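Peer 1: A structural model of the following input is requested.
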Amino acid sequence: MTNQKQRSFSIYLIFPAITMLLGWGLRGYIGGGPFGAMIPGAMVALSIAMLLKLSAEATSVLVVFAAVGIGLGGEMTYGQTLGFLRNQETVWWGTVGTTVKGAVWGLLGGIIFAIGLLYKQLSRKQIITAYIIMMAGMYAGFKLINQPMLIYFSDPAKPRPESWAALLIGAIAMLVYLKFKLKSNEFKIMTHMAIWGLVSGGLGFGLGGFWMVLGNQLPQDVIFNSWWKAMEFTFGLLLGAGLGLAVWLSRKDLDVMQNSPSPEPIFASGPRWKDFSVTFLLALVIFWIMPSWLDPIVDNGYTQGSLVWPNGVDLAKMLSNFAFYGFLLILAILYYPELAWQMGITMTFCYAAIDFMQDALPDAAANSPFTLYFFLIFLMTASVATLTAWFQRRENSQRNLFLLLVWACMVVAFLRLGFFEKPSDVAGLSFVKLVVGKFFVHLVFAASAIYVSWVSLRKIT
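Peer 2: Prediction:
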């Protein structure tokens, strides 16, 4: 990483902000939940790595940590919390809930993002220990606060398992442990990421929720009504800007670290068969085998609203949680760092393909591998895996893989538009209604993708 003075303060804010706006919007459109949240995590990591001019090895590892860190926040349920914003009597409780959940999302995401930046300064054992401590903290927070609903931001009449306290306690536990393992200048980087992740995440979700309040006050026939997407865009924009600001504040320390007397080894890709075999094995375990085994146990085993310790369900809950799946991804790259690009790019895209096929073929037998459903997911994912293997072995790998992830997700988004939008839905609409009402979200996607592609090609290469 060199020539940091050439990077302006504004590009550290705007480029990650627009990148995460796009990633967050795509996450809500083509792949929800924690796996969908890997999309903005991976994208913003690539944008920041290009600004910092990280090596290919450092970037690939950062992408995995960021995808896991931002993905973890997707474990939180917030649909009912946003529902409070539609009622004047509960609007402020809903705002508190979205602000808390956004802040927790940014806090934990920022901490794990920072581990990705500092992974050369931490031993493998320290990273694994930190993650296990985080999961133990998550378990404690869930059992002591979320499950008995001590502070509850969803509808008690229709209770859903919340996990904001689990992630908060997990984040604090991880941060305390790392305080004693990092040098002062290294922990300062982590502090910047944690604080600005917390602030920008809280502001992004808290303020973004007011789009829902505004939409509820306007007539039903107003031209623009994509208030949920406006909330997602705002959340992504501010959280991306916050992470960019944190990195800008830490840029000198990061520069010294990257140019230390013991330089990072040049990224060396392993054999392609290893890339593909391990990636698809993990994809099968994470997206098919373990959910098919554990989800029925978890769905039938929890009593929300009281502190209970059901036999076997707690273990199933931990193993079926994204935190454990993220742990598997991190373990893979800690022991086989040459797999990091496939873990970061291909695994992130894989869930987008799964989510698309779930909607395209809703009646498919998802548990059988001998179906068109599985074949099409395999074909889409294999295409991205092949391109990832190609680009990671060429010059400008960070930029090219950034463009690959952006436009692969864009293809899925526009496939959804083509498959699920009926021609009759746009018949007779005026130009203004088409642009502002019908296709506003897709136009934001297109404009954002073009902008971040232009910046990566022209401004920071």
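Peer 1: Which of the helices or strands spans the spatially closest residue to Leu417 that is not a sequence neighbour?
Peer 2: Spatially, and ignoring its direct neighbours in sequence, Leu417 is nearest to His442 (6.0 Å; CB to CB, 6 or more residues apart in numbering). The C-beta positions use only the backbone N, C-alpha and C, and glycine is treated the same way. Following DSSP states H and E, one finds His442 within helix 440-454.
Peer 1: what about stretch 75-86, how long is it end to end?
Peer 2: The stretch stretch 75-86 measures 23 Å between its terminal residues, going by CA to CA, to the nearest Å.
Peer 1: Just the buried positions in that stretch, please.
Peer 2: Glu75, Met76, Thr77, Tyr78, Gln80, Thr81, Leu82, Phe84, Leu85 (16 or more other CB atoms under 10 Å).
Peer 1: Run the chain-centre distance for the helix holding His442.
Peer 2: Taking CA atoms, centre = their mean, to the nearest Å, one finds helix 440-454 lying 19 Å from the centre of the chain it belongs to.
Peer 1: So for that helix, what gets flagged as buried?
Peer 2: For helix 440-454, by 16+ other CB under 10 Å, it's Phe440, Val441, His442, Val444, Phe445, Ser448, Ala449, Tyr451, Val452, Ser453.
Peer 1: residues touching the residue nearest to Leu417, list them.
Peer 2: Ala413, Phe414, Leu417 (CB atoms under 8 Å, 6 or more residues apart in numbering).
Peer 1: Quick check: of those, which has the highest neighbour count?
Peer 2: Ala413 (22 neighbours; other CB atoms under 10 Å).
Peer 1: next structured bit after the one helix or strand that residue maps to?
Peer 2: Taking DSSP H and E as the definition, Ala413 sits inside helix 397-420. For helix 397-420, the succeeding helix or strand toward the C-terminus, using DSSP H and E, is helix 431-432.
Peer 1: Check the offset of that next one from the chain's centre.
Peer 2: Worked out by CA atoms, centre = their mean, helix 431-432 lies 34 Å from the chain centre.
Peer 1: mind giving me TSV with the buried residues of stretch 75-86 and columns for secondary structure and distance to Lys317?
Peer 2: Output for the buried residues of stretch 75-86, formatted as TSV (DSSP: H, G, I helix; E, B strand; the rest coil; distance: CB to CB, whole Å):
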residue	secondary structure	distance to Lys317
Glu75	coil	11
Met76	coil	15
Thr77	coil	14
Tyr78	coil	19
Gln80	helix	20
Thr81	helix	21
Leu82	helix	24
Phe84	helix	26
Leu85	helix	29
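Peer 1: Let me have these in TSV, extended by distance to Ala114 and pLDDT.
Peer 2: Formatted as TSV, the buried residues of stretch 75-86 follow (distance: CB to CB, whole Å; pLDDT from 0 to 100):
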residue	distance to Ala114	pLDDT
Glu75	20	93
Met76	20	95
Thr77	26	93
Tyr78	24	93
Gln80	31	94
Thr81	27	95
Leu82	29	94
Phe84	32	94
Leu85	32	94
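Peer 1: now the contacts of His442 as CSV including pLDDT and distance to Ile297?
Peer 2: Converted to CSV, these look like this (pLDDT from 0 to 100; distance: CB to CB, whole Å):
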residue, pLDDT, distance to Ile297
Ala413, 93, 34
Phe414, 91, 38
Leu417, 87, 37
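Peer 1: Tell me where the model's unsure across the stretch 351-461 of the chain.
Peer 2: 422-424, 427, 461 (pLDDT under 70).
Peer 1: same thing but at 90, please
Peer 2: 358-373, 393, 395, 416-439, 458-461 (pLDDT under 90).
Peer 1: between the helix holding His442 and helix 397-420, what angle do the directions make?
Peer 2: Calculated by axes from the mean of the first three to the mean of the last three CA atoms, to 10 degrees, helix 440-454 forms an angle of 160 degrees with helix 397-420.
Peer 1: Which single one of the buried residues of helix 440-454 is nearest to Met174?
Peer 2: The shortest approach to Met174 among the buried residues of helix 440-454 belongs to Val452, at 30.1 Å (CB to CB).
Peer 1: Wait, the closest one touches Met20, no?
Peer 2: No. Val452 lies out of contact with Met20 (CB atoms under 8 Å); the separation is 9.8 Å.
Peer 1: Identify the contacts common to those two.
Peer 2: Ser47.
Peer 1: Ignoring the adjacent residues along the chain, who's closest to Val426?
Peer 2: Lys438 (5.9 Å).
Peer 1: contacting residues around that neighbour?
Peer 2: Contacts of Lys438 by CB under 8 Å, 6+ apart are Asp425, Val426, Leu429.
Peer 1: hang on, Ser368 packs against Phe375?
Peer 2: No. Taking contacts as CB under 8 Å, Ser368 lies outside contact range of Phe375: 11.1 Å.
Peer 1: Of those two, which one has the most company?
Peer 2: Phe375 (12 against 9).
Peer 1: residues touching Val323, list them.
Peer 2: For residue 323 the amino acid is Ala, not Val. Leu72, Glu75, Met134, Met135, Met138, Gly170.
Peer 1: any idea which of those residues is closest to Ala382?
Peer 2: Leu72 (27.3 Å).
Peer 1: quick one: what helix or strand has that closest one in it?
Peer 2: Leu72 is part of helix 56-73 when elements are defined by DSSP H and E.
Peer 1: Please state the offset of that helix from the chain centre?
Peer 2: That offset, for helix 56-73, works out to 9 Å (CA atoms, centre = their mean).
Peer 1: What is it packed up against?
Peer 2: helix 33-36, helix 38-52, helix 91-117, helix 322-335, helix 340-341, helix 397-420 (3 or more CB pairs under 8 Å, 6 or more residues apart in numbering; DSSP states H and E).
Peer 1: Take those and write them to a markdown table, including distance to Asp253.
Peer 2: Listed next are the helices and strands packed on helix 56-73 as a markdown table, based on distance: least, CB to CB, whole Å:
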| stretch | distance to Asp253 |
| --- | --- |
| helix 33-36 | 30 |
| helix 38-52 | 11 |
| helix 91-117 | 10 |
| helix 322-335 | 23 |
| helix 340-341 | 23 |
| helix 397-420 | 21 |
